[in-house]
Structures are given as structure tokens and as C-alpha cells.
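Participant: Let me see the structure of the following:
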Amino acid sequence: MWKVEAGDAVGIYGGNLGGPDVEVKAQPLSSTQPLDPSNATVDLEVIKAEDQLVQAIMPNTAPANAYAVWVITAEGASDPFWFNRAEPFWISDTTAYAGQAVRWRSA
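Facilitator: As a prediction, the model looks like this:
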């Protein structure tokens with residue numbers, strides 16, 4: 001989990017990230033809209049964009065929330081990644097064991 005608050009700078013690593021028109025957009029997970037870059041309402045300020053690294057700043061006006069985040073380049077949008085979302089690595093998201101209670105809630 002990446003913990004990001006308003007005003008924080010973040011480094012996002014990957015491939016083919018550079019370019020003059022790179023954008024980083026975030027959608028609060030509390031939004032009622034489907035998770036999609038077109039529904040992202042928070043624009044992070046890109047301060048550096050290289051092929052394998054984008055550095056951006058979460059706006060000071062961004063509310064405290066969990067976010068789906070996308071890097072958008074001329075090639076399109078990345079898969080979403082997450083800010084401030086709990087990710088319990090000690091349980092499986094694909095397997096339930098005998099006697100285990102499972103509740104499903106879609107984002």
C-alpha cells in the first residue's frame with residue numbers, strides 16, 4: 001500500500017512512462033462512478049517524467065481517501081494502482097478455506 005496525503009510527492013516506476021504529455025490521475029474509491037481514468041477527478045502535478053519513472057505531487061486540495069491511480073501517456077492509460085488502500089497480504093483473494101467466512105463487496 002502506498003500512503004499518500006495531500007501535498008505528498010510520489011515516485012511511480014514502470015516502463016514507457018516518459019513523454020511531454022504524461023498525466024497522473026486519481027479517482028477516489030468512495031466515488032459512485034465505475035473505476036476508469038475518465039472518471040478520475042484528481043490530477044496530480046507531474047514534476048518529472050522519464051521512461052521508467054514519473055514523479056508527481058498529490059494536490060493540496062485532495063481529500064483524504066483511498067484512490068485508484070493511472071499514468072496516462074500517448075499510448076494510453078496504465079492499469080490502475082492504489083493509494084491508501086488496505087492490502088492484507090496474509091489472506092488470499094482467490095481461495096477460501098473450509099470454515100472461513102467470506103464477504104464480497106465490489107469497489
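
Participant: Quick check: phi and psi at the residue nearest to Lys3 when sequence neighbours are not counted.
Facilitator: Spatially, and ignoring its direct neighbours in sequence, Lys3 is nearest to Asn84 (6.0 Å; C-beta to C-beta, 6 or more residues apart in numbering). Just so you know, the C-beta spots here come from the backbone N, C-alpha and C atoms, and that holds for glycine as well. Torsion angles at Asn84 (phi, psi; degrees, to the nearest 10) stand at phi 60, psi 20.

Participant: thinking Asn84 is in contact with Val10, fair?
Facilitator: No: using C-beta atoms under 8 Å, Asn84 makes no contact with Val10, being 11.4 Å away.

Participant: pLDDT score assigned to the most centrally placed residue in the chain?
Facilitator: Centroid check for the chain by C-alpha atoms, centre = their mean gives Val69 as the closest residue, at 2.4 Å. Val69 is assigned 97 on the pLDDT scale.

Participant: which SS class is it?
Facilitator: strand (DSSP: H, G, I helix; E, B strand; the rest coil).

Participant: again, but for Ser38
Facilitator: Under three-state DSSP, the three-state class of Ser38 is helix.

Participant: Same question for Trp82.
Facilitator: Taking three-state DSSP, the label given to Trp82 is strand.

Participant: Go ahead and confirm it touches Val69.
Facilitator: Yes: counting by C-beta under 8 Å, Val69 is a contact partner of Trp82 at 6.8 Å.

Participant: residue contacts, Asn84?
Facilitator: Going by C-beta atoms under 8 Å, 6 or more residues apart in numbering, Asn84 touches 1-4, 64-67.

Participant: Can you give me the buried ones in stretch 43-51?
Facilitator: Buried residues in stretch 43-51, defined by neighbour count with 16 or more other C-beta atoms under 10 Å: 44, 46, 49.

Participant: actually stretch 70-79, not the one I typed
Facilitator: 70-73, 78.
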